[in-house]
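Student: No sequence on hand, only this structure:
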């Protein structure tokens, strides 16, 4: 927990009513307005996940990486390392997780309750030193969004 990290990010997970209905937020914002976790290859990254939603469980999922759970509600995890890519964060819970940025790309970090994700609880893990060579084809209509 007291190791030196290159990047530290806090995700305050919340629930709010907006004019178009219920939204699920990260730091009070919904995607695409959520701030990304900006890293470069080799960075050690620490993320604090805090569930301030009054009733909602948020299974937070990081694409392309595994993280180690360091603490739960301020208490260090003991025993064998707990390595996950998804972590259920119950209302009122706080976890600290860490990982090495070792898989360059642009990756989603979102609530795996897809209703929550579609209502805003999404951010990105973005590598500053990554540039995709993929060019979208606007004429390819085989991928249908929800």
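Tutor: Perfect, thanks for sending it. Since this is a predicted model, take the numbers as computed values, not measurements. Numbering: from 1, shown residues only.
Student: rest of the way, CA atoms for contacts and neighbours
Tutor: Fine.
Student: which residues of this protein fall in strands?
Tutor: 7-18, 21-26, 37-39, 44-51, 58-62, 67-72, 75-76, 83-84, 86-89, 94-100, 106-111, 122-127 (DSSP state E).
Student: Identify the residue nearest the one residue sitting closest to the centre of the chain in space, chain neighbours excluded?
Tutor: Among the residues of the chain, the one closest to the centroid is residue 109, at 3.1 Å (C-alpha atoms, centre = their mean). Once flanking residues are discounted, residue 109 sits nearest to residue 62: 4.4 Å by C-alpha to C-alpha, 6 or more residues apart in numbering.
Student: what's the one you found in contact with, if anything?
Tutor: 85-86, 107-110 (C-alpha atoms under 8 Å, 6 or more residues apart in numbering).
Student: Could I get the average pLDDT for stretch 7-18?
Tutor: Here stretch 7-18 scores 97 as its mean pLDDT.
Student: what sits up against it?
Tutor: Under C-alpha under 8 Å, 6+ apart, the answer for stretch 7-18 is 22-28, 37-39, 43-54, 58, 121.
Student: Buried by neighbour count, from the residues you listed: which ones?
Tutor: 23-26, 28, 37-39, 43-53, 58, 121 (16 or more other C-alpha atoms under 10 Å).
Student: end-to-end on stretch 93-104?
Tutor: 30 Å (C-alpha to C-alpha, to the nearest Å).
Student: For it, buried residues please.
Tutor: 93-101, 104.
Student: what is the mean pLDDT for that stretch?
Tutor: For stretch 93-104, the mean confidence score works out to 98.
Student: So what's the gap between it and the chain middle?
Tutor: Relative to the chain's own centre, stretch 93-104 is displaced by 9 Å; criterion: C-alpha atoms, centre = their mean, to the nearest Å.
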